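Undergrad: Build me a structure from this.
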Amino acid sequence: MSTNGSLPNSPDAEKGVLASLLLAPRQVFAECAKVGLEPADFYIPAHRTIFEHAVGLIITGKPVDFITLATSLRTADALEKCGGPPFINELFVHLPTAAAVDHYLAAVQDESRRREIITSLGQFSTRARDKANDAAALASEARTALERIERRGAGGATLDACRFDFATPPPEVPPIFRLGPATIGSRGNLLSVQGGAKTGKSALLGAMIASTFAPDGSDSFGVGSENKDGRALVHFDTEQSRFDHDGLIRRALRRAGQPPPVWLRSYCVTGMNLAQRKNALLFELDRASARHGGVHSVFLDGVGDLCLDPNDSAEAFALVDELHRLAIKYDTVIVCVLHENPGSETGKTRGHLGSQLERKAETNLRLAKDGDGVTVIFAEKARNAHIPKESGHRFAWDDEQKMHVTVERGNDAKVSEAKESYDRLAAEIWAGLPTSAGLTWSNL
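TA: Numbers count the residues shown, from 1 in each chain. Next comes the predicted model:
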């Protein structure tokens, strides 16, 4: 039993890792590789053997199911030693999802390191009793051994996967969301949407959601997206009532002129507490990814509600780091909506959470509403886009359509106003010219 009360005991955690691996083989194998999990980390020999055979199937590109795993074990004369078909079947139904695999991995590695520490220190204890061994040298050797145990699993596979490889450049990352021609959100990144109270942040989210299943012909405020593969779109509303959340999604559907696609997974989680929201997000990402072949995008309408205190630097940094890790893990973009501080002209958002999100986000979209109720979308801080406020896309509430609609952008409005002015001037000149002048309207 682990001395850490928050971790399950080793046999249970080991079964959790194996069951997760069987539920989502490639995804969980990638997580095992990231933390450097090895067969030796399993205390129970049968668990170690099953892990080796499952990983062998994954590496060779074979499916991992009851038949293939049992066959692999039987061929190696190891099936009965691992508990036979009943135990293999038990693993396949042990968990509903692989959502908690990170928890199980941490527990397995924690117990593995504890065993290694006990073994190593036991050996040094025996050697220390021998007066022929130098105490200072033994202490230095013991310290080196403990440091190696501390580093094990934290470097190797994870660091090697991050190394620059000149011969094998990574594939180009396609955009998930565009604003006009500019890429604002791509896979493995965070996208921040910020603005003051009641500036239309939820309206923009609704338009972005609509763009994913009606890329042509819908009024999505200039946002473009595609979801040809039908990957899951996960939306968590942490701020609005059930009624307002329902209205947001219904307007998005009306905007797109489409019925709800099966991969649209929108939830009002306002009534959940902080821990429940976080657990629900992890659970839903895992479930949605498994059911729809991946995650297209994630919308967190109220990311501040996943943080107890946005002014706590440790908590805020940990949350942003976790969201970025999830974006990479699920190969998606996570759209985070955050309030700007009242009266802020520079777009300062809430506490350390806002500052860290600003630093880590691929794009920081800002919304500002003028005295006429028109909201402009612009981006002053972005990696792949610079959208000046003067030429940003604009939208406003339309009483007739009962939703926000696009209005002329800044530069477009100025051009239209100038053209109208010149047309009026030309008409006045034309009216004052004698017919004998011989000019046509085109000449004029």
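Undergrad: so who does the one residue sitting closest to the centre of the chain touch?
TA: Central residue of the chain (CA atoms, centre = their mean): Ala327, 2.7 Å from the mean position. Residues near Ala327 by CB atoms under 8 Å, 6 or more residues apart in numbering: Arg187, Gly188, Asn189, Leu190, Val298, Val333, Ile334. In this view, the C-beta of every residue, glycine as well, is placed from N, C-alpha and C.
Undergrad: Tell me the bridge partners for the third one.
TA: In this case it means Asn189. As for beta bridges, Asn189 partners with Val333 under DSSP bridges.
Undergrad: For it, grab the count of nearby residues.
TA: Using other CB atoms under 10 Å, Asn189 has 22 neighbouring residues.
Undergrad: And for the first one?
TA: Each residue near Arg187 was counted by other CB under 10 Å, and the total is 18.
Undergrad: Quick check: it vs Arg231, distance?
TA: Between Arg187 and Arg231 the computed distance is 11 Å (CB to CB, to the nearest Å).
Undergrad: what do these two both touch?
TA: Thr332.
Undergrad: And the average pLDDT for the helix or strand containing Leu138 is what?
TA: Using DSSP states H and E, Leu138 falls within helix 135-151. Helix 135-151 carries an average pLDDT of 81.
Undergrad: which helices and strands does that helix pack with?
TA: helix 101-128 (3 or more CB pairs under 8 Å, 6 or more residues apart in numbering; DSSP states H and E).
Undergrad: got the angle between the helix it packs on and helix 135-151?
TA: Angle, helix 101-128 to helix 135-151, by axes from the mean of the first three to the mean of the last three CA atoms, to 10 degrees: 170 degrees.
Undergrad: Next, count neighbours for the residue lying closest to Ile117 once chain neighbours are set aside.
TA: Setting aside the residues directly before and after it, Ile117 is nearest to Ile149 in space (CB to CB, 6 or more residues apart in numbering), at 6.0 Å. Counted by other CB under 10 Å, the residues lying close to Ile149 total 16.
Undergrad: hey, where'd the helices end up in the stretch 201-350 of the chain?
TA: Counting by DSSP state H, counting those that start in this stretch, the stretch 201-350 of the chain has helices at residues 201-213, 242-256, 274-292, 313-329.
Undergrad: As CSV, those with mean pLDDT and distance to Glu141 would be great.
TA: Formatted as CSV, those follow (pLDDT from 0 to 100; distance: least, CB to CB, whole Å):
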stretch, mean pLDDT, distance to Glu141
helix 201-213, 93, 58
helix 242-256, 94, 61
helix 274-292, 91, 42
helix 313-329, 92, 35
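Undergrad: Which one of these lies nearest to His404?
TA: Ranking the helices of the stretch 201-350 of the chain by proximity to His404 (CB to CB) places helix 201-213 first, at 4.3 Å.
Undergrad: tilt between that closest one and helix 242-256?
TA: 40 degrees.
Undergrad: Mark which of the contacts of Ala327 are buried, thanks.
TA: Arg187, Gly188, Asn189, Leu190, Val298, Val333, Ile334 (16 or more other CB atoms under 10 Å).
Undergrad: tell me which residues form a beta bridge with the fifth one?
TA: Translated: Val298. When assigned by DSSP bridges, Val298 has beta-bridge partners Val234, Ile334.
Undergrad: Tell me the pLDDT of it.
TA: For Val298, pLDDT reads 98.
Undergrad: now swap in the last one and tell me
TA: At Ile334, the predicted lDDT confidence score is 97.
Undergrad: tell me the contacts of it?
TA: So Ile334 contacts Asn189, Leu190, Leu191, Ser297, Val298, Leu300, Leu323, His324, Leu326, Ala327 (CB under 8 Å, 6+ apart).
Undergrad: before we move on, what about the third one?
TA: With contacts taken as CB under 8 Å, 6+ apart, Asn189 has the following neighbours: His324, Ala327, Val333, Ile334, Ala361, Glu362.
Undergrad: The same query, at a cut-off of 7 Å, please.
TA: Ala327, Val333, Glu362 (CB atoms under 7 Å, 6 or more residues apart in numbering).
Undergrad: Give the buried residues for the helix holding Leu138.
TA: Using 16+ other CB under 10 Å as the test for burial, helix 135-151 gives Ala142, Ala145, Leu146, Ile149.
Undergrad: Show residues contacting it.
TA: With contact meaning CB under 7 Å, 6+ apart, helix 135-151 is reached by Arg113, Glu116, Ile117, Ser120, Phe124, Arg127, Ala128.
Undergrad: quick check, distance from it to the centre of its chain.
TA: Helix 135-151 has its C-alpha centroid displaced from the chain centroid by 39 Å (CA atoms, centre = their mean, to the nearest Å).
Undergrad: Tell me how many other residues crowd the closest residue to Arg127 other than its chain neighbours.
TA: Counting by CB to CB, 6+ apart, the nearest residue to Arg127 once its immediate chain neighbours are dropped is Asn133, at 5.2 Å. As a burial measure, Asn133 scores 13 neighbours (other CB under 10 Å).
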